[in-house]
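In: only geometry, no sequence info:
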């Protein structure tokens, strides 16, 4: 599993406990990975097509000039048969 890639989906979601997050789904070659981050609006977070990567609770984007807080662990977002 990768620790980043090109963002192909940005989806606001709500956890069962009511916490609002954003799921960032990215692809790196043939590897697909998703990660949750804090809720953001407009230009405050990464965009579709942008490269991101994460480490130590932060997601780096905008050429490593900006960060947003990561929530939880990365995971494979593809549906399981």
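Out: Ah, there it is. Keep in mind that this is a model prediction, so the values were computed, not measured.
In: contacts for stretch 54-66, please.
Out: With CB atoms under 8 Å, 6 or more residues apart in numbering as the test, stretch 54-66 has contacts from 3-4, 24, 35, 37, 45-46, 50-53, 67-70, 74. Just so you know, the C-beta spots here come from the backbone N, C-alpha and C atoms, and that holds for glycine as well.
In: next one: the residue nearest to the spatial centre of the chain from residue 46, what distance?
Out: What sits nearest the mean C-alpha location of the chain, by CA atoms, centre = their mean, is residue 24, with 2.9 Å. Look at residue 24 and residue 46: by CB to CB, to the nearest Å, they are 6 Å apart.
In: now do the shared contacts for these two.
Out: Jointly contacting residue 24 and residue 46 under the rule CB under 8 Å, 6+ apart are 7, 10, 52, 59.
In: output the contacting helices and strands for the one helix or strand residue 24 maps to.
Out: Under the criterion of DSSP states H and E, residue 24 resides in strand 20-28. Here strand 20-28 touches strand 4-14, strand 31-38, going by 3 or more CB pairs under 8 Å, 6 or more residues apart in numbering; DSSP states H and E.
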